[in-house]
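In: fold the following, please.
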Amino acid sequence: MTCMKKSKVGYLIIASLLVWALAQFFFLPVTCSAEPAYMITESELATLEQNSTRQLEISRKLALELQIAREQQTLSDQASSEAKLQINQLQKQLTELEAWSKKQEELQQKILKSLPPSAPGVLREIGAKIDIDHYVTGISYGVSRRIGSKYIGFRGEYDWQDKKTGVWVTYAY
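Out: Just a heads-up that it's a prediction; the model follows:
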């Protein structure tokens, strides 16, 4: 029996050491890594309170500015929506005016085509060269084309008394 008691005591000692070693292994790092406690003075506490008060005031100002910015954004969004509506209305009106203008232009073209021309597009002229003593001594023929409001043309002439021909470039305004 004594041998058995010694063996139980030995196992008990080994088990105790093992528990102690495991406890040291698991709990020692926790106690070593725990942050140390700091003591602050009254002046440090006052400084911290002042800093905290300033940060709260800054936070309130920022919150107010954020609220104002949101309101301005809402107003801006409304103005943008109204502007888009106006743009759409103006584009619609512009399209209608362009169509109306085109119709007016077509109508004006039809009216202009139906009216007799105020000035012919081509002028033809026949002339006679007159000498006081011998009456008619030559003839001429010319053709002019209207370009804008002016006429540009050619005229040929023949003088049978002098037996000479001539060609003229003409410009009428």
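In: after the helix ranked longest in the chain, next one along is what?
Out: Determined from DSSP state H, the single longest helix within the chain is helix 42-114. Note on helix 42-114: by DSSP states H and E, the next helix or strand toward the C-terminus is strand 122-131.
In: now do that following strand: which elements does it pack against?
Out: Counting contacts by 3 or more Cβ pairs under 8 Å, 6 or more residues apart in numbering; DSSP states H and E, strand 122-131 is packed against strand 135-147, strand 150-159. C-beta here means a position set from N, CA and C on the backbone, and glycine is covered the same way.
In: packing partners of the helix or strand just after the last one?
Out: Sequence-wise, the next helix or strand downstream of strand 150-159 (DSSP H and E) is strand 164-172. Using 3+ Cβ pairs under 8 Å, 6+ apart as the contact criterion, the secondary-structure elements in contact with strand 164-172 are strand 135-147, strand 150-159.
In: my guess is residue 170 contacts residue 156, does it?
Out: No: between residue 170 and residue 156 no contact is recorded; they are 10.9 Å apart, counting by Cβ atoms under 8 Å.
In: need the overlap of contacts for these two.
Out: Shared contacts of residue 170 and residue 156 (Cβ atoms under 8 Å, 6 or more residues apart in numbering): residue 142.
In: ok, what's across the strand from residue 165?
Out: Residue 165 forms beta bridges with residue 158, as assigned by DSSP bridges.
In: as JSON lines, the helices and strands packed on strand 164-172 with distance to residue 100, mean neighbour count and mean pLDDT would be great.
Out: Output for the helices and strands packed on strand 164-172, formatted as JSON lines (distance: least, Cβ to Cβ, whole Å; neighbours: other Cβ atoms under 10 Å; pLDDT from 0 to 100):
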{"stretch": "strand 135-147", "distance to residue 100": "32", "mean neighbour count": "15", "mean pLDDT": "92"}
{"stretch": "strand 150-159", "distance to residue 100": "34", "mean neighbour count": "15", "mean pLDDT": "93"}
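In: residue 83: which of those strands is closest?
Out: Comparing the helices and strands packed on strand 164-172 against residue 83 with Cβ to Cβ, the closest turns out to be strand 135-147 (49.4 Å).
In: show me what the longest helix of the chain is packed against.
Out: With contacts taken as 3+ Cβ pairs under 8 Å, 6+ apart, helix 42-114 sits against no other helix or strand.
In: if we can go back for a sec, reformat the helices and strands packed on strand 164-172 into TSV and put distance to residue 113 next to each item.
Out: Output for the helices and strands packed on strand 164-172, formatted as TSV (distance: least, Cβ to Cβ, whole Å):
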stretch	distance to residue 113
strand 135-147	16
strand 150-159	21
